[in-house]
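Undergrad: Everything below, folded, please.
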Amino acid sequence: MEALVLLLIVLGFGFFSFPLYSYFIAVGLYSVIFFEVGTLFWVIFALLAFVFLSPSVRIKLISSKLVNFINKNGLLPKISQTEQAALQAGTNWVEADFFKAEVNFKAINAQKVTTLTQEEQNFLDNEVNELCNMTTDWEIFQNRDLSPQVWQFIKEKKFFGMIIPKEYEGLGFSATAHSKVIEKLVSRSQVLAITIMVPNSLGPAELILKHGTINQKEKYLKDLANGKLVPCFGLTEPNAGSDATSITSNGVIFKDENGEIKIRLNFEKRYITLGNVATLIGLAFVLKDPEHLLGENEDLGITFAVFDSKLEGINNSKRHDPLGIPFVNSPLYGKDVIINMENIIGETSGIGKGWQMLVESLSIGRGISLPSVSLGGSKLALNVVASYSQLREQFGLSINHFEGIEEKIAKIAAFTYMLNASRNYTLDAIDDGVKPGVINSIMKYHATEKFRTVINDSMDVLGGSAIIRGENNLLAHAYFALPISITVEGANILTRNLMQFGQGLIKSHPYIYKQIEALNSNNVEAFDKVFFSHVGLVYSAFCKSLAYYLTRGQISCQKGNFQRYKQKLSWVSAEFTLLTNVALGILGPSLKKRENISARFGDILSNCYLITATLREFEVNPNEEDELLVDYICNYCFNEIQIAREEIITNIGYLDYLLPIVKINPFSIKAKDKLNAKIVKNLSNQDYLQKLTSSLFISKDENDRLAKLQLAVKLNKECENSFKILKDAIKNETIKKDSPENMTKELLEKNLLSKEEIEKMLEAHALKQEIISVDSFDAKEYKALR
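TA: Coordinates of the predicted model:
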C-alpha cells in the first residue's frame, strides 16, 4: 500500500510539473518514514541525486556521451536554409501550448478583440456596397472581365491599397477590416473578391512596405495605393509550384556599355493573378554574379525585384483560363529584360533575401485572404441553402424536414460558425502584432477544405437548382472556383502533410529546436539543459495523459462556458504532447519523412485550434442559439482527433498494441442526429439566419436573386398559417385540389380566409415558384453563353 501511495505521489509531481529535486526529497522522506531500507539503497539514492542534480556531473557522465552518440549515428535532424527561413518567419502563439500539454483559456479569452474603426465600417457600408451594386457575378462571367467602370472604381477608391499605410496614401486597414471587405465582396462575386484580394496579400505592396528602402516606398507605394500602378507578383513556374525554392528564373549581374551594374533577367512564370493587366511586376528569381562584380560569391540566392511591365523583352499578353473563372490570371515571359540594382526590393541589402521575404508574406496571407474567401462563400451558401430548403417542397413537406437534408444543413451551419470563429481569433492576433505562421497554415488548409465540404453539400441540397447555370444560380460559380483555393498559396496536400505539424513540431515545440541548435554548435551545456527539460515535459505529459484518460478529463479544473469541452481539450493536449514525443523517440529524424503520420498529427493540432477558436468565439460573443453549433463543432472535431489518434498508433511500430485501449475510451463520437434537427429549426428563424450570415451583400434591387430569396422566405413565413388552412382543407376534402387560383377562390367563398390573406398568399406562392425555378435559354442564346 505504501508503495502505491509513493507511486501516486510521483505521478502527481509529474502532473503538476514539479522540479527534479522535489522527487528526490519526496522519495527520501517517504522512504525514511514508511520503508525500512538498507545502506545499499541510500548509496544508490545518493549517487543518483549527485549525478542528476549536479549539472556539471550530469553533463560529464550523461549529456556529453549522449551528444557523441547522436552525432556518431547521424540522429540529428537536418534543417536546410529554406526550412530555417520558414522556421524563423512568424512567431509562436497558442499552438505552442498544445506541444506543452497545456491549454491556457485565461490567455485565450484575454486575446484582444479587434473592432472596426468608423472609417473601416463606413468603407464597408459605402464603397464596398457601391462596388457590389455596380456589377453582378453573371455579368462578369458573360463579359469575361470586370467592366471599365468597375476597374476604375476599384483604383479610385483605393481597394488595391487596403494594407498600405495612410502615410503613403493607402487606407491603412486592419487585417480584420481587410478580411471583412473580401468576405462581403465574395458574396457578390468571387472574381471581384480575388481581383482585390491578391494585391493586398502576396504582392509588391507588402514586400516593399516590409523590406523596401525609403526611396522605393516613396516611389511605388503611393501610386499602388491610388491605383496608378496595378501590381502582380511572379513566383510560380512550370517546375516550381509548391516547392518555390526550385525556381529557375534567373538574373545575371553584368556591366553595361557605360560601366553601370545591371541585371539581365530571363524568366517564365505562370498562374500570375493580374499578370495580363499589371503595370508593375514583382518577380522572384535566382540571382547570379558570374563576373564577381559584387563579391566572391557567384550564386547569390533567391531575390525579389519590381519593375515596369513595359520593359523590352517582357510578354504578358496571354491569359490562363482557370476552370472558366474569369479573374485575370496569366503567364509571364521575359527574355533578356534589363533592370537596375535599384529594382531589387531592399536594393543591395535585399540580395538573396527573397525566400525569407516570401515565407513571411505567405504566412500572413494564408491567414487572411483565402480564409476570408471561404468564409464569405460559406455564409452565402448557408443563407441560400437554409432559405431555399424552407421554400422547396417534396412529398408535401419542406425539404428541410428530411433527416438527410437536416444533416447537410446542420454541417454547413456549424462549419460556417467555425470558420467565422477561427477567422476572428486569428485576425485578432494578427492585428495585435502576432505573426502566427503555423496557425495561418492551419487556417488556409481548413478554411478551403471546410468550404469544399460546404459547397458540395449545398449543391446536394439544392439539387437541380444547383446544376443549371444562369443568372438565378448563386452557387455554381463558387463550386467551379473552389479547386483554385485548394491549389494556391501552398497546395493543400503539401500544407497538411508537411507544414502544419512538420514545421510546427520544430518551430512550436518548446525544446526540439533549441536542442538542434545546441547540437549544431556542439554546446553540451545548452543541450544538457534543454534535453532534461524535454524529458521532464514528456514525463509530465505521461502523468497528465494517464490521469485524464482514467477520469476522461474530469479532473481538469475549468471555468466559463462549455467546461466539459475545455476539459477534453486539456486531455487531448496532454496526449498530443506525449504521442508526439513518443513518435519522435521511435522514428527519430525519419518522422519528417513519414508524411501521412505527420498529416495525422497535423489533424490533431489543427482540430485543437478549431475547438479553441470556437469556444473563444462563444465567450466573446455569447448567444444561446449558438450553443447547438458549438456542440456540433466540438463533437465533430474531437471525433476527428480520435480518428487521427487511432491511425497514428496503428502506423507506428510498437504502439499498435495500444489501439484497443484508445478505442474503448474515445475523446468523442459524432453528435446525435437530433442535434441536426434542432440546428435546422433555429435556422428557420430568419433573424438568426441573418445574424449567422451577416456581412453578406444583399442588394436593394427587388429583382436581385438573393434579395428575392430573402423576401420569399419572409412572405411565406407570414403566410404559414394560411398555407396550413389550405392544406387542411384539401386533406379534409373541404375543397378540391386544383390550381392555386381556384383553390383560393373556394377558400374565400367558404370564409376560410379573407381576401387580404388570399392575396398575400398568392403573392408568396408566386414568389416561391419563381425562386425554385431555374434558368433556360433560347438555343442561339445558349450557344453564345460563356
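Undergrad: can you give me the helices for the stretch 101-250 of the chain?
TA: Under the criterion DSSP state H, counting those that start in this stretch, helices of the stretch 101-250 of the chain are mapped to 105-110, 118-123, 129-133, 137-143, 148-156, 175-188, 190-197, 204-211, 214-216, 222-225.
Undergrad: Of all these, which one is nearest residue 615?
TA: Residue 615 lies closest, by CB to CB, to one member of these: helix 105-110, at 7.6 Å. No exception for glycine: its C-beta is placed from N, CA and C like everyone else's.
Undergrad: re the thing from before, the helices of the stretch 101-250 of the chain into TSV, with extra columns for mean neighbour count, mean pLDDT and distance to residue 36?
TA: Rendered in TSV, the data for the helices of the stretch 101-250 of the chain read as follows (neighbours: other CB atoms under 10 Å; pLDDT from 0 to 100; distance: least, CB to CB, whole Å):
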stretch	mean neighbour count	mean pLDDT	distance to residue 36
helix 105-110	13	92	46
helix 118-123	15	97	75
helix 129-133	17	97	84
helix 137-143	18	94	84
helix 148-156	15	97	85
helix 175-188	26	96	66
helix 190-197	25	94	75
helix 204-211	23	92	69
helix 214-216	13	96	79
helix 222-225	22	96	82
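Undergrad: The ones you listed: which one's closest to residue 379?
TA: Counting by CB to CB, residue 379 lies closest to helix 175-188 out of the helices of the stretch 101-250 of the chain; the figure is 6.6 Å.
Undergrad: which helices and strands does the closest one pack with?
TA: Taking 3 or more CB pairs under 8 Å, 6 or more residues apart in numbering; DSSP states H and E as contact, the helices and strands that helix 175-188 lies on are helix 118-123, helix 129-133, helix 190-197, helix 354-391, helix 403-431.
Undergrad: So which of those helices is nearest residue 457?
TA: Judging the helices and strands packed on helix 175-188 by CB to CB, what sits closest to residue 457 is helix 403-431, at 4.3 Å.
Undergrad: what element comes up after that closest one heading to the C-terminus?
TA: Using DSSP states H and E, the helix or strand that follows helix 403-431 towards the C-terminus is helix 437-462.
Undergrad: okay, the helices of the stretch 101-250 of the chain in JSON lines with distance to residue 272 next?
TA: Rendered in JSON lines, the data for the helices of the stretch 101-250 of the chain read as follows (distance: least, CB to CB, whole Å):
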{"stretch": "helix 105-110", "distance to residue 272": "39"}
{"stretch": "helix 118-123", "distance to residue 272": "28"}
{"stretch": "helix 129-133", "distance to residue 272": "24"}
{"stretch": "helix 137-143", "distance to residue 272": "20"}
{"stretch": "helix 148-156", "distance to residue 272": "18"}
{"stretch": "helix 175-188", "distance to residue 272": "19"}
{"stretch": "helix 190-197", "distance to residue 272": "13"}
{"stretch": "helix 204-211", "distance to residue 272": "12"}
{"stretch": "helix 214-216", "distance to residue 272": "21"}
{"stretch": "helix 222-225", "distance to residue 272": "17"}
